[in-house]
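Engineer: The sequence and its predicted three-dimensional model are supplied below.
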Amino acid sequence: MQMNPARLYARVLAGDPDDNGRFFFGVTTTGIYCLPSCKARKPRPENTRFFPTAEAARASGLRPCKKCHPDDFARGADPVLESIEQLVAEIRAAPANFPDARAVVRRSGFGPTRLFELLRQHFHSTPADLLLRARLARAREQLLTTDVPLADLAHDAGFRSLSVFHEHFRVTHGLTPLACRELRAADTFEVALPAGYPLAHLKRALGRDPLSLTERLDGDVYSTAVRLGPRQTPAVLRLHLAPERIHVSITTAAVANSPSPAPVAHAVVVGLLGLDQDAAGFARLARKLGFARLVAGREQLRIVQTPSVFDGLLWAIIGQQINLPFAFRLRRRLTELVSPPLADGLHAPPSPAAVAALSPDDLRPLQFSRAKAVTLIETARLVASGQLDLDALRAKSATRAERTLLALRGLGPWSVNYVMMRSLGFADCLPLGDTGVISGLRTLLDLETKPDRDAVRRLMEVFSPHRSLATAHLWQLNQPAPPSVESAFEVHASTKPPQTPSAAP
Ligand SMILES: [Zn+2]
């Protein structure tokens, strides 16, 4: 980075964490040096010096700031993040050890305000929400792997009463605990939708890709080919979409004595419908902020999750820097090349192993740019070889998941946040540079000019920790109401600007 003092001083005022590592700044009056994102009081320009590295700052006699820990950052160490990750791991391993959010605060060693801020920043969550999700995950696992009676199982997960357990489980999983247990021997199941679920928006999102070989929307029937379980067995899920209940049937190559695919299929359907997203929480926040219009007519809107993280990653790479119709064509050609058809003419989604086995010369005739082909294949090789465990990213902190994805060659901040929102289910993502978000904000706030990146970041701050859902609603704001042929994601992706330089492969 050019050490242009005026420009760098503007970056210090912006306090953008994306600048961390690009430069360090020192304050001559206090004798300390900081990360660009430091929250301490901003120095005056005449007292500010800039350094390319932490070593350079130390060499000029400055000490590391105790607030932003630039030396830890430069070393790659992050002790505060590590202690938060450790705390969350303890909660998930034994949620019953934490009777309530106060117990989480006590165990953390941080004050309540600081802990709230750290969990919001690193896990996009609150102590109470993390605790509830850990209890539900524990209970689901026990339901599917043991015959422990419901009351004992609820108690083991830390629920205060069976009815509280029952209610939360039903809302986030779309079925009762007993129906969940029955998934072990099922090949069909039903999922209940919450009142007011905007089915028309869901159908628009599911039917957005007319060229897709892996999914098809035909009236009220949505079929999608997926890969299920540790063996990635191809299967077709067929969803009968109705206002209150979704009926799901599973077709898979039957293997004698193999466990039922229904529990994994159910998890995919919960993600697809976004049942575990806090739509009501976001709608309450929007109304409280005076933005009732942002959620009007779609308070229960969810972000459709891709069937696998690899699907989302493929999609983000293919869709980078090209318009949407062309992206649909590329995806179709890739699927045709690496995935044979299953039942009904649907193809299984491309597997990491099959994409990893390609060479860029296989993709060039399909009109993939060389850079895009290389990024796709290199990423697939990391996944196929086990060096990149995409499913493990769901359990990590958002900060760690973001860093892991940003480190992949050819993936920039927009694509990374897109994958985090649409495939990893993180609640507080902001795809900076997204034109759908920018035009949505202009409409919502009656802005006369286009907000720049720092303005977008500042304006979106009020929606934290729900910025993913805020993004989904902003995408809808300049759309006609469904049903229509276009989807929000479609317009959003086709008008997206060139990626930031780091994303340009
Ligand atoms: Zn500092």
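Structural biologist: That came in fine, so what should we check first? Model, not experiment: these values are computed from the prediction.
Engineer: if I pick the residue in the stretch 51-200 of the chain that the ion sits nearest to, what's in contact with it?
Structural biologist: As assessed by Cβ to the ion, the ion sits closest to residue 65 within the stretch 51-200 of the chain, at 2.9 Å. C-beta: built from backbone N, CA, C; applies to glycine. Going by Cβ atoms under 8 Å, 6 or more residues apart in numbering, residue 65 touches 32-35, 38, 40.
Engineer: Show me where the chain dips below the pLDDT cut-off.
Structural biologist: Where the chain drops to pLDDT under 70, the residues are 1-2, 254-256, 483-505.
Engineer: Could you list the contact residues of it toward the ion?
Structural biologist: Counting by Cβ under 5 Å from the ion, the chain comes close to the ion at 34, 38, 40, 65, 67-68.
Engineer: what about the strands in the protein?
Structural biologist: 24-27, 32-34, 48-51, 63-64, 188-192, 215-218, 221-228, 233-240, 245-252 (DSSP state E).
Engineer: helices or strands next to the shortest one in the packing?
Structural biologist: I take that to be strand 63-64. strand 32-34 (3 or more Cβ pairs under 8 Å, 6 or more residues apart in numbering; DSSP states H and E).
Engineer: and what of the last one?
Structural biologist: Secondary-structure packing of strand 245-252 (3+ Cβ pairs under 8 Å, 6+ apart): strand 188-192, strand 233-240, helix 262-273.
Engineer: Tell me the spacing between residue 100 and residue 127.
Structural biologist: Separation of residue 100 from residue 127 (Cβ to Cβ, to the nearest Å) stands at 9 Å.
Engineer: In the stretch 251-400 of the chain, which residue sits nearest the ion?
Structural biologist: Nearest residue of the stretch 251-400 of the chain to the ion: residue 399, at 18.1 Å (Cβ to the ion).
Engineer: Could you give the number of residues near that residue?
Structural biologist: Counted with other Cβ atoms under 10 Å, residues neighbouring residue 399 total 18.
Engineer: Could you dump the helices and strands packed on strand 245-252 into JSON lines with mean neighbour count added?
Structural biologist: Formatted as JSON lines, those follow (neighbours: other Cβ atoms under 10 Å):
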{"stretch": "strand 188-192", "mean neighbour count": "17"}
{"stretch": "strand 233-240", "mean neighbour count": "20"}
{"stretch": "helix 262-273", "mean neighbour count": "22"}
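Engineer: mind checking which of those is nearest residue 332?
Structural biologist: Residue 332 lies closest, by Cβ to Cβ, to one member of those: strand 233-240, at 17.4 Å.
Engineer: Would you mind pulling the contact partners of that closest one?
Structural biologist: For strand 233-240, the surrounding residues in contact (Cβ under 8 Å, 6+ apart) are 220-228, 246-253, 255, 261, 265, 268-269, 272, 342-344, 346, 348.
Engineer: Relative to it, what are the paired strands and their orientations?
Structural biologist: strand 221-228 (antiparallel), strand 245-252 (antiparallel) (DSSP bridges).
Engineer: what's the most buried one of the ones you listed?
Structural biologist: Ranked by mean neighbour count, those are led by strand 221-228 with a mean of 21 (mean count of other Cβ atoms under 10 Å).
Engineer: Now that one - C-alpha only, CSV.
Structural biologist: What follows is strand 221-228, C-alpha atoms only, in CSV (Å, rounded to 0.1, in the frame of the first residue of the first chain):
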residue,chain,number,x,y,z
VAL,A,221,-43.5,-29.0,-6.4
TYR,A,222,-39.9,-28.2,-5.9
SER,A,223,-37.4,-30.9,-6.6
THR,A,224,-33.7,-30.6,-5.8
ALA,A,225,-30.8,-33.0,-6.2
VAL,A,226,-28.5,-33.1,-3.2
ARG,A,227,-25.7,-35.1,-1.7
LEU,A,228,-26.5,-36.5,1.7
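Engineer: Off-centre distance for it?
Structural biologist: Relative to the chain's own centre, strand 221-228 is displaced by 21 Å; criterion: Cα atoms, centre = their mean, to the nearest Å.
Engineer: got the angle between that strand and helix 262-273?
Structural biologist: Comparing the axes of strand 221-228 and helix 262-273 via axes from the mean of the first three to the mean of the last three Cα atoms, to 10 degrees yields an angle of 120 degrees.
Engineer: contacts for strand 221-228?
Structural biologist: If you take Cβ under 8 Å, 6+ apart as the criterion, strand 221-228 is touched by 203, 206-207, 214-216, 233-241, 252, 261, 264-265, 268, 272, 307-308, 342, 344, 346-349, 351.
Engineer: Looking at neighbours, which among the residues of the chain next to the ion is most surrounded?
Structural biologist: Highest neighbour count within the residues of the chain next to the ion, by other Cβ under 10 Å: residue 34, with 26 neighbours.
Engineer: Can you name the residues that contact it?
Structural biologist: With contacts defined as Cβ under 8 Å, 6+ apart, the neighbours of residue 34 are 24-27, 40, 65, 67-68, 70.
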